[in-house]
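1. got a structure for you, letters missing:
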């Protein structure tokens, strides 16, 4: 007898599909180097019409975080959201808002983000959005460019997409 719900099984499947494509080692750095606000993609995104509203929620979340609009951030995150970054985990919306959200917002306030690629899919009441970006910022008054990957899983709860899972990973871009 199966004990997993359809939603849990779908999330596990989505994670299995998306994780290998976006997993990257994260070098030692401050914990907030992996977040960023979304901007218009510089390449053609792979987003079917069914996923556009989920992608809009992801963009709204990123913009709200960059603007330090924590009320809006809170409204877009599910109460039971899980956020993974740099080998750490925050197991709820409240834990994230009480810990890393403020430093993430401060980091994003001074960052310039260029979305390189985006893919999104919807299956029933679940959607995932995978984004690759280049982030331009500075550290110790020196310019830094980071390559960043982000996966967000959203659940349609009463007609409104809420973010239930975020995974951020980044690394410094090697000089060309």
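-> Now that the structure is in, tell me what you want to look at. These figures come from a predicted structure and were not determined experimentally.

2. Quick check: buried residues in stretch 125-143?
-> By neighbour count on 16 or more other Cβ atoms under 10 Å, the buried set for stretch 125-143 is 126, 127, 128, 129, 130, 131, 132, 133, 134, 135, 137. The C-beta positions use only the backbone N, C-alpha and C, and glycine is treated the same way.

3. Other residues contacting the helix or strand harbouring residue 63?
-> Element membership of residue 63 [criterion: DSSP states H and E] is helix 52-66. Residues outside helix 52-66 that contact it (Cβ atoms under 8 Å, 6 or more residues apart in numbering): 35-38, 45, 47, 70, 72-73, 76-77, 101, 104-105, 108-109, 111, 118, 120, 122, 127, 129, 131, 152, 154, 161-163.

4. make it 7 Å
-> The contact list for helix 52-66, computed with Cβ atoms under 7 Å, 6 or more residues apart in numbering, reads 35-38, 47, 72-73, 76, 101, 104-105, 108-109, 120, 122, 127, 129, 152, 154, 161, 163.

5. Same question for stretch 150-159: list its buried residues.
-> 150, 151, 152, 153, 154, 155.

6. so the last one sits right up against residue 79, yeah?
-> In this case it means residue 155. No: applying Cβ atoms under 7 Å as the test, residue 155 and residue 79 come out as separate, 11.4 Å apart.

7. For this structure, which segments count as helices?
-> Remark: helices assigned in the chain by DSSP state H are 6-22, 52-66, 70-76, 93-98, 100-109.
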